[in-house]
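Colleague: can't give you the sequence, but here's the structure:
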Ligand SMILES: NC(=O)C1=CN([C@@H]2O[C@H](COP(=O)(O)OP(=O)(O)OC[C@H]3O[C@@H](n4cnc5c(N)ncnc54)[C@H](OP(=O)(O)O)[C@@H]3O)[C@@H](O)[C@H]2O)C=CC1
Ligand SMILES: O=C(O)[C@@H]1CCC=N1
């Protein structure tokens, strides 16, 4: 088995970390990455082999495109002659299978995946869509790869990946934003940085663990914290009055729209797309 990643940046590193922790051998993974320091780091951390983009691709069962959407077309067109019969997996936001297939010279076995960075600690969740020409074996290979990084949700409609991107792909950033904000709130209450961090992080970790283990939904768990006439009620009222809930929904909607826009802008045919 060999999986080759094209691009060794943030998301590829998270996936590779999860895969190696869950039993993939470093020798089964190859990374193509222009930055020599990133190549050396990936080799040191995970035992994977790595090469520069101008070197030949090793024969691979799957090639995972983990480059920025804006880099996709140029990189794909350069790699196309070396693909062989490797399954194509793309994690790029927005870029749709029809464009990927075109840029790769007519390849039709394509699986699009929207992972997230908790993959590094095997706590990710990936949305996945298999183009119609992909075989059961292709889906099984993608499943094996993705299961090592966390959960998988398969979608039948490629367009649903825009929504997955908005929720779980970008979602860790929203959560980190809330964590940063709670930590800043703790600092504003006079706690030192370390204490502020502990109070904020453990509150998140504990709330998530409770929600995952409880039969109650999040709204009920929230109500159980909120004593009538108490402190939480005052805080939740402030959040509601500032429309934080609708702002979160609007933010995710903006992310989904950007995912679709990336596909429309960058996936146009012929030379319009450059
Ligand atoms: N970060 C995330 O949380 C998530 C990202 N994604 C998707 O993953 C993809 C990568 O994102 P991310 O990891 O954050 O981005 P990064 O910029 O961290 O990684 C992309 C890497 O690809 C490298 N690269 C550029 N040209 C080539 C080439 N010709 N051959 C091989 N590698 C090349 C880049 O180098 P250089 O910087 O020098 O250009 C960079 O190191 C994107 O398409 C994104 O939409 C999907 C889900 C979540
Ligand atoms: O911000 C981005 O475009 C990528 C896709 C999802 C998370 N990061």
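Modeller: Received the coordinates, thanks. The model shown is predicted, which means the values in this text are computed figures rather than measured ones. Ligands and ions are numbered 1, 2, ... in the order given.
Colleague: what's the single longest helix in the protein?
Modeller: Taking DSSP state H as the criterion, the chain has its longest helix at helix 244-266.
Colleague: So which residues lie in contact with it, not counting its own?
Modeller: Defining contact as CB atoms under 8 Å, 6 or more residues apart in numbering, one finds that helix 244-266 is touched by 69-70, 72-73, 93-96, 99, 159, 161-163, 165-167, 169-170, 174, 239, 273. Backbone N, C-alpha and C define where each C-beta goes, glycine included.
Colleague: Report the buried members of those residues.
Modeller: Neighbour-count burial (16 or more other CB atoms under 10 Å) applied to the contacts of helix 244-266 gives 69, 72-73, 93-96, 99, 161-163, 165-167, 169-170.
Colleague: Not including adjacent chain positions, what is the nearest residue to whichever residue of the chain sits closest to ligand 2?
Modeller: Among all residues of the chain, residue 169 sits closest to ligand 2, at 3.5 Å; criterion: CB to the nearest ligand atom. Using CB to CB, 6 or more residues apart in numbering and skipping the chain neighbours, the partner closest in space to residue 169 is residue 114 (4.5 Å).
Colleague: pretty sure that neighbour contacts residue 163?
Modeller: No. Residue 114 is beyond contact range of residue 163, at 9.4 Å (criterion: CB atoms under 8 Å).
Colleague: can you give me the strands for the stretch 101-250 of the chain?
Modeller: Taking DSSP state E, counting those that start in this stretch, the strands of the stretch 101-250 of the chain run over residues 110-114, 124-130, 150-154.
Colleague: Now mean pLDDT, distance to ligand 2 and mean neighbour count too, for those strands, in CSV please.
Modeller: Listed next are those as CSV, based on pLDDT from 0 to 100; distance: least, CB to the nearest ligand atom, whole Å; neighbours: other CB atoms under 10 Å:
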stretch, mean pLDDT, distance to ligand 2, mean neighbour count
strand 110-114, 98, 7, 26
strand 124-130, 98, 11, 23
strand 150-154, 98, 15, 16
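Colleague: circling back: now narrow the contacts of helix 244-266 to whatever sits close to ligand 1.
Modeller: 69, 93, 169 (CB under 6 Å from any ligand atom).
Colleague: and of the residues you listed, the nearest to residue 142?
Modeller: Nearest to residue 142 among these: residue 169, at 16.3 Å, using CB to CB.
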